[in-house]
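[1] I would like the atomic coordinates for the input below:
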Amino acid sequence: MLSERIKDTIGIAYAKYNLASIYLNLKEYKKSEALYQQSLALFKSGNIASRVMACYTSLSTVYRATGNIQSATHYALLALTLAQEL
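    A predicted model of the protein is given here:
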C-alpha cells in the first residue's frame, strides 16, 4: 500500500477500516474484527475521536453478529460514552 510506504498512518487506518467493513459484509468476522482493531489503534494514536467511535460501533456489530453479546455491549457502551463527550 502506498500509504504504508509513505507512513500515512491515518490513510492506513481508513484503508483498514474500509477493508474491515467489506469483510463484515462478507460475514468474514475474524478478518473484520482484526482489521477494525488495527484501525482502532491507529485512529487512537492519531487522536481522531469520531473514527475511534466508529470503530467501537463496528466492533460491537461484529461481536453481536458472532453471538459475543458481552463484547458487543462493551464496545457499544464505549461508543456511546465517546459520543456523549463529542
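[2] Tell me the pLDDT of residue 8.
    Per-residue pLDDT puts residue 8 at 80.
[3] let's have the chain start at 41 instead
    Sure thing, new numbering starts at 41, so read that last one as residue 48.
[4] what's downstream of the least confident helix or strand in the chain by mean pLDDT, the next helix or strand?
    Within the chain, no helix or strand scores below helix 42-45, which has a mean of 50 by mean pLDDT, DSSP states H and E. With elements assigned by DSSP states H and E, the helix or strand that comes after helix 42-45 is helix 49-65.
[5] Just the angle for the helix or strand just after that following helix relative to helix 49-65, thanks.
    Downstream of helix 49-65, the next assigned helix or strand under DSSP H and E is helix 69-85. Per axes from the mean of the first three to the mean of the last three CA atoms, to 10 degrees, the angle that helix 69-85 makes with helix 49-65 is 160 degrees.
[6] Look at the closest residue in space to residue 125 that isn't next to it in sequence and say how many residues are nearby.
    Distances taken as CB to CB, 6 or more residues apart in numbering put residue 89 closest to residue 125, at 7.5 Å, once the chain neighbours are dropped. Where C-beta positions appear, they are placed from N, C-alpha and C, glycine not excepted. Using other CB atoms under 10 Å, residue 89 has 14 neighbouring residues.
[7] ok, now the one 3 residues further on?
    Using other CB under 10 Å, residue 92 has 21 neighbouring residues.
[8] No further queries at this time; thank you.
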